[in-house]
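J.: quick check, what structure comes out for this input:
(2 chains)
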Amino acid sequence: EAGVTQFPSHSVIEKGQTVTLRCDPISGHDNLYWYRRVMGKEIKFLLHFVKESKQDESGMPNNRFLAERTGGTYSTLKVQPAELEDSGVYFCASSLGPGLGRNEQFFGPGTRLTVL
Amino acid sequence: AQRVTQPEKLLSVFKGAPVELKCNYSYSGSPELFWYVQYSRQRLQLLLRHISRESIKGFTADLNKGETSFHLKKPFAQEEDSAMYYCALSGDRDDKIIFGKGTRLHILP
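T.: Numbering: from 1, shown residues only, chains lettered A, B, ... in the order given. Modelled structure (predicted):
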């Protein structure tokens, strides 16, 4: 089992460009989460999918960020247009579901985004 | 406000000495508390959670609801314990995780 995978591992783009991050959860995990860590700050929740539905998107910073999970498998997070303050590490996590023994979130290695 | 506070950015401890990583939280309700660890060049992984009351790699953490603390302890530090440690909580109304800023633990030989 490869665990949660994320692509790319690093991305360097210029301000105003568009970037799409991808996350493949562990097979069979209905729950998928996006988090990010901006330099010097804590890891912060962005949003939560249950299958293909957005359960909670309260952490999305603004409408330049768009997350999708078509078909309830992999997810993409698009930033358009990117701004300097979007630089950071974007983590994806997945879990089986609610309830003890099922709700442990497994994290991917993260995508480091640098906006110049 | 929901918050997790880790007062130490960096903690250096000699090998064999006791370790205590401090964590305090603020949450109106009954949260679940966790410690996550990230070793060099590895991904973030769950170390332990308060409801399981286990000792993992020699680490323990007791939830103190009166002091709203969840400090991580180990009696004898080992060099392989050097890593970034994050205290975190998950609320009783949703599954999102709220993280502290993390403490870098450096074990000195």
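J.: ok, now which ones touch the residue positioned nearest the centre of chain A?
T.: The residue lying closest to the centre of chain A (C-alpha atoms, centre = their mean) is A:W34, at 3.1 Å. A:W34 is in contact with A:23, A:45-47, A:67, A:75, A:77, A:90-92, counting by C-beta atoms under 8 Å, 6 or more residues apart in numbering or on different chains. All C-beta atoms are positioned from the backbone trio N, CA, C, and that covers glycine.
J.: so what's it bridging to?
T.: With DSSP bridges as the criterion, A:W34 is bridged to A:L47, A:C92.
J.: measure it to chain B for me?
T.: In this view, A:W34 and chain B are 10 Å apart by C-beta to the nearest C-beta, to the nearest Å.
J.: hey, where'd the strands end up in the chain?
T.: Picking chain A for this. A:5-7, A:10-13, A:19-24, A:31-37, A:43-50, A:53-56, A:65-68, A:75-79, A:88-95, A:106-107, A:111-115 (DSSP state E).
J.: hmm, no, I was thinking of chain B.
T.: So, for chain B - with DSSP E - the strands run B:3-5, B:10-14, B:19-21, B:24-26, B:32-38, B:45-49, B:60-61, B:72-74, B:83-90, B:97-99, B:103-108.
J.: could I get those strands in JSON lines, plus columns for distance to A:A2 and mean pLDDT?
T.: Shown next, in JSON lines, are these (distance: least, C-beta to C-beta, whole Å; pLDDT from 0 to 100):
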{"stretch": "strand B:3-5", "distance to A:A2": "30", "mean pLDDT": "95"}
{"stretch": "strand B:10-14", "distance to A:A2": "33", "mean pLDDT": "97"}
{"stretch": "strand B:19-21", "distance to A:A2": "30", "mean pLDDT": "97"}
{"stretch": "strand B:24-26", "distance to A:A2": "33", "mean pLDDT": "96"}
{"stretch": "strand B:32-38", "distance to A:A2": "18", "mean pLDDT": "94"}
{"stretch": "strand B:45-49", "distance to A:A2": "15", "mean pLDDT": "93"}
{"stretch": "strand B:60-61", "distance to A:A2": "30", "mean pLDDT": "94"}
{"stretch": "strand B:72-74", "distance to A:A2": "29", "mean pLDDT": "96"}
{"stretch": "strand B:83-90", "distance to A:A2": "22", "mean pLDDT": "96"}
{"stretch": "strand B:97-99", "distance to A:A2": "22", "mean pLDDT": "95"}
{"stretch": "strand B:103-108", "distance to A:A2": "28", "mean pLDDT": "97"}
